[in-house]
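# With the sequence up front, the predicted model follows.
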Amino acid sequence: MILREWNKKLVNNMIEITSINNPLVKEIKTLYRKKGRIKNKAFIIEGIKMIEEAIDNSYPVKNIIYTDQFLKTKDGENFFERIKDLDNTIYVPNNIFKEISDTENPQGILGIAKLEYENLNEIYKKERPFLLFLDEVQDPGNMGTIIRTADAFNADGIIITEGCVDPYNPKVVRATMGSIFRVPLYYISDGIHGLKNLKDMNIRVYSTALTGSIPIYETDFQKGFILIIGNESNGVRKEIFSLSDKLIKIPMPGKAESLNAGVAASIIMYEVMKQRS
């Protein structure tokens, strides 16, 4: 994002934007929609922790926008010392910040981060990849949980397919608690074709099923594999399910019939981590 000579001026070596009609303000507002994120190849990260996580993980942050409210707290003052000399830091009045924030209790700081999926070719370089394949996972909470847990249990990456909730949706980004900056995300528009290509690379495909399946603790997760996580309501599509090399299940001695996608994925990832460590 290149700042042109719009309505801006330098304040203590920083840029100040004072007009709601500023093109940058308008652009930020489009990032709350998937179409705007794709067009601008950027997404919003809000709050000190998220911006700090991005910086600590050397994730590209195009701009950091702050307001007076941010400087009224001790945490804000401390973090400001870290960002004040960056050339992409921008000050806006409180009324403008309210226009570009969608949180109920904003901290007064947000960032614009670069949106870019990883190159799929990187998967083929891994000796025994541990990957998740999300088939139309649509709940932001589940998506955020899966990304966060994949980070905790050292998964090699997550494959996002058409029909999934956008992982760069602000709700998902917040739910990851910074893990989105560490877990490689890959995108495949045609999930079936993409999965077939991965199988051709001798990567096994595991899907969960209630019948004809073996418990996860009896499953060998030592070799490279892909774990399919299906839609919250409909599960894994038949076309995807048919490509499975093995069916697995989470033993549930209680009365609940099923677990949500985020919880189920987390339990399986823990078992994988336990075996591999």
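Structure's in. What do you need?

# Domains in the protein, by residue range?
Domain segmentation of the chain under automatic domain parsing yields 8-114, 121-276.

# mind listing what the spatially closest residue to Ser244 that is not a sequence neighbour touches?
Leaving out its chain neighbours, the residue that sits closest to Ser244 by CB to CB, 6 or more residues apart in numbering is Ser207, at 4.1 Å. Where C-beta positions appear, they are placed from N, C-alpha and C, glycine not excepted. Listed by CB atoms under 8 Å, 6 or more residues apart in numbering, the contact set of Ser207 reads 227-228, 230, 236, 240-241, 244, 246-248.

# do the same with Asn57
So Asn57 contacts 178, 181-182 (CB under 8 Å, 6+ apart).

# Just the buried ones out of these, please.
Neighbour counting by 16 or more other CB atoms under 10 Å classes 178, 181 among these as buried.

# Make a markdown table from the contacts of Asn57 and add distance to Gly157, pLDDT and secondary structure to it.
Shown next, in a markdown table, are the contacts of Asn57 (distance: CB to CB, whole Å; pLDDT from 0 to 100; DSSP: H, G, I helix; E, B strand; the rest coil):
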| residue | distance to Gly157 | pLDDT | secondary structure |
| --- | --- | --- | --- |
| Gly178 | 17 | 96 | coil |
| Phe181 | 13 | 98 | helix |
| Arg182 | 11 | 97 | coil |
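
# Could you dump the contacts of Asn57 into TSV and include distance to Thr30?
Below are the contacts of Asn57 laid out as TSV (distance: CB to CB, whole Å):
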residue	distance to Thr30
Gly178	24
Phe181	22
Arg182	27
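
# Tell me where the stretch 151-277 of the chain has helices.
Counting by DSSP state H, counting those that start in this stretch, the segments of the stretch 151-277 of the chain that form helices are 170-176, 191-200, 238-241, 261-276.

# Quick check: which of those is nearest to Phe221?
Taking CB to CB, helix 261-276 is the member of these nearest to Phe221, at 4.5 Å.

# List the buried residues of that closest one.
Buried residues in helix 261-276, counted by 16+ other CB under 10 Å: 261-262, 264-269, 271-273.

# and those residues, which two are the farthest apart?
Maximum distance among the buried residues of helix 261-276 (CB to CB): 18.4 Å, for Ala261 and Met273.

# circling back: mean pLDDT lowest where, among the domains of the chain?
Mean pLDDT values for the domains of the chain show the minimum at domain 8-114, a mean of 90.

# if we can go back for a sec, let me have the contacts of Ser207 in CSV, adding distance to Glu118 and neighbour count as columns.
CSV is the format used below for those (distance: CB to CB, whole Å; neighbours: other CB atoms under 10 Å):
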residue, distance to Glu118, neighbour count
Leu227, 18, 24
Ile228, 19, 25
Gly230, 22, 20
Val236, 23, 20
Ile240, 21, 20
Phe241, 26, 17
Ser244, 24, 20
Lys246, 26, 14
Leu247, 28, 16
Ile248, 26, 21
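
# For Lys238, see how far away the residue nearest to Ser244 is.
As judged by CB to CB, to the nearest Å, Ser207 and Lys238 stand 11 Å apart.

# ok, Met271 touching Glu218?
Heads up, residue 271 is Glu, not Met. No - counting by CB atoms under 8 Å, Glu271 does not reach Glu218; the two are 10.1 Å apart.
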